[in-house]
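Student: How does the following fold in three dimensions:
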Amino acid sequence: MKLFDFLIVPVRRSGGTAIQRFLSLHPNIIAIPKSGLDRALEGGQEDQLLESAQDAMQASPSTKFGLVQHKFVEVSEEAEDVARRLSRIVRKNGLVLIYRDYFDAMVSEHNHINIVHYCNYSFENAGLKWPTDLKLSGDMADLLHHYQNAVPNRVEGVEKIRGPEAFWEEHNRYLYYAKIQATYERHFNTPLVLDYNSIFDGTNPKSMQDIFRFVGVDASFSAPFFSTSQSGRIHRFLNHNRINISSDNFTDVQAALVSRNILDYAIDYPGTELAIRTDNYIEDDLKFSNGLSLAASSIPEFSSLGRKQQMLLRNDADRIMTEFMYPLWKHNYGSVSKVLDQMKIRTLSADFRRKTEQVLSSDMAQFFATNKHLATAWGR
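Tutor: As a prediction, this is how the structure comes out:
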C-alpha cells in the first residue's frame with residue numbers, strides 16, 4: 001500500500017486552511033481537505049482514509065498526495081497519539097512544520113475568538129436594522145419573515161469581548177513550539193521547518209516554492225495569494241447570518257455569502273460547482289478584492305444533483321443575491337466593519353509579553369536553538 005507523500009503541520013493560527021488551498025491549486029498535488037483528516041483522526045479511521053486514496057495514487061503516479069493537519073497541533077497525550085498514528089500513513093521523510101511568531105499568533109487567536117463569538121449573532125441582535133426601503137417581492141418578503149422568526153434569542157454582544165489574559169491559560173498549550181516539534185520528530189524524520197511570515201508575504205511570488213520543492217513537484221508554479229488581509233472576518237459575520245430558500249425546485253436549501261472566490265471555494269468541495277456567482281459590484285462597492293460568492297449546498301450533496309437542477313438552484317441563488325442579501329449586506333456593511341474593527345487588538349501589552357516569555361522561556365530557548373533561521377527572522 002502506498003503512503004501519503006507529505007504531512008503539513010501548521011501550528012495554531014498559521015494559515016493551515018490557506019496552505020491547503022494553495023497546495024490544491026498545484027496540478028501535481030492533491031491535498032486532502034482538512035475536514036476529511038479531522039474526521040478520520042477523531043474516528044480512528046486514518047487507515048481507511050489512506051485506503052480510500054489508493055486507487056487514485058495508483059492511477060496518478062506523478063501526483064503527490066498529502067495531508068494538512070488542523071486539529072491536535074498542541075502539547076497533549078492525544079496529540080502524541082495522533083502523531084504516532086499519522087506516521088503509519090505518511091512517509092517518514094514527508095513532514096513539514098509551519099510556525100508563527102508567538103505573539104503574532106496570540107494576537108490572531110484573540111481576534112479570532114472574539115470575532116467568531118460576535119459573528120454567531122444575527123443582524124438584529126448585533127444592533128443592525130433591516131432596511132425599511134428594501135423592496136421585496138412576495139416570496140422574498142416571506143423569506144425575510146421566516147428568517148427573522150428563526151433568529152436565535154441571544155442578546156450578548158460586543159461587551160462579552162475577552163482580553164488575551166482571559167484565554168491565555170486555555171491556549172498556551174498551542175505555543176510550546178519546541179515540545180510540539182519534538183512530538184512529531186519522535187515519529188518522523190527531520191522535517192522542513194518554515195516561517196508563517198515568509199509564506200504569507202503578499203509581495204513574494206515564491207512563497208510556496210519551498211513546500212513544492214520539498215514535496216517533489218514543479219517549484220516554479222505560482223500560487224495566487226489572498227490579497228485582502230483579514231476580510232474573511234467581516235465575511236464570516238454574514239456567513240453566520242444564513243437563510244433558507246424554499247422554492248418550487250428546492251426546499252430548505254441553505255444559502256450563504258461566502259468569503260471566497262469561485263476557484264477557492266471549489267477547492268474545498270472538489271468536483272462540485274458550489275460557487276454560484278461572483279459579481280463586480282461586490283468588489284467595486286464593498287471593496288473586497290477577492291470577491292464574495294453566493295454559495296448553496298443541500299442534503300443530498302449538491303454534486304449529486306443533475307445539471308438542470310443545478311441551473312434551477314443557480315437561478316434561485318441569483319434572486320436571493322440581487323433582491324435580498326446584497327441590498328441587506330450593503331446596508332449593514334459599514335456598521336459591521338466598525339464593530340469588528342473595535343474588537344481587534346493589534347499588539348499585546350509589554351507586561352503581558354514579558355509574563356508570556358517567562359512562562360515559555362525554556363521552550364523558546366530550545367526552539368530557537370533548533371531553528372536558528374526562525375530566531376533570526378523573529379528578532380530573537
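Student: Residue 347 against residue 104, yeah?
Tutor: No. Contact between residue 347 and residue 104 fails when scored by CB atoms under 8 Å: they sit 9.6 Å apart. Placement of C-beta: from N, CA and C, glycine included.
Student: So between these two, which is more surrounded?
Tutor: Comparing residue 347 with residue 104 by other CB atoms under 10 Å, the one with more neighbours is residue 104, at 16 against 10.
Student: Strands of the stretch 51-200 of the chain, start to end?
Tutor: Secondary structure of the stretch 51-200 of the chain (DSSP state E, counting those that start in this stretch): strands at 64-68, 95-99, 192-195.
Student: can the ones you listed go into a markdown table with extra columns for mean pLDDT?
Tutor: As requested, the strands of the stretch 51-200 of the chain are exported to a markdown table (pLDDT from 0 to 100):
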| stretch | mean pLDDT |
| --- | --- |
| strand 64-68 | 95 |
| strand 95-99 | 98 |
| strand 192-195 | 96 |
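Student: Those into CSV, with extra columns for mean neighbour count and distance to residue 84?
Tutor: Compiled in CSV, the strands of the stretch 51-200 of the chain are given as follows (neighbours: other CB atoms under 10 Å; distance: least, CB to CB, whole Å):
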stretch, mean neighbour count, distance to residue 84
strand 64-68, 23, 15
strand 95-99, 23, 13
strand 192-195, 20, 20
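Student: any chance of the ones you listed in TSV, plus distance to residue 142?
Tutor: Below are the strands of the stretch 51-200 of the chain laid out as TSV (distance: least, CB to CB, whole Å):
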stretch	distance to residue 142
strand 64-68	42
strand 95-99	48
strand 192-195	52
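Student: Ok, which of those comes nearest residue 173?
Tutor: strand 95-99 (14.9 Å; CB to CB).
Student: Check which strands are paired with that closest one and give the direction for each one.
Tutor: When pairs are called by DSSP bridges, strand 95-99 turns out to pair with strand 6-10 (parallel), strand 192-195 (parallel).
Student: what's the closest of those strands to residue 94?
Tutor: With CB to CB, the closest approach to residue 94 among the strands paired with strand 95-99 belongs to strand 6-10: 4.0 Å.
Student: Next, the distance between the ends of stretch 86-93.
Tutor: 12 Å (CA to CA, to the nearest Å).
Student: Which positions in it come out as buried?
Tutor: Neighbour-count burial for stretch 86-93 flags 86-87, 89-91 (criterion: 16 or more other CB atoms under 10 Å).
Student: which of those lies closest to residue 46?
Tutor: In terms of CB to CB, no member of the buried residues of stretch 86-93 lies closer to residue 46 than residue 89, at 5.4 Å.
Student: Could you work out the end-to-end span of stretch 27-37 for me?
Tutor: Start-to-end, stretch 27-37 (CA to CA) is 21 Å.
Student: My error: substitute stretch 44-61 in the last question.
Tutor: Using CA to CA, the two ends of stretch 44-61 sit 27 Å apart.
Student: Only the buried residues of that stretch, if you could.
Tutor: For stretch 44-61, a neighbour-count test (16+ other CB under 10 Å) marks 46, 49-50, 53, 57 as buried.
Student: How about residues contacting stretch 202-222?
Tutor: Outside of stretch 202-222, the residues within contact range by CB atoms under 8 Å, 6 or more residues apart in numbering are 5-6, 8, 19, 22-23, 25-29, 64, 66, 94, 96, 192, 194, 198-201, 223, 225, 227, 229.
Student: out of those, which are inside helices?
Tutor: Among the contacts of stretch 202-222, the ones falling in helices (DSSP state H) are 19, 22-23, 25, 198-199.
Student: farthest pair in these?
Tutor: The span of these, defined through CB to CB, is set by 25 and 198 at 18.6 Å.
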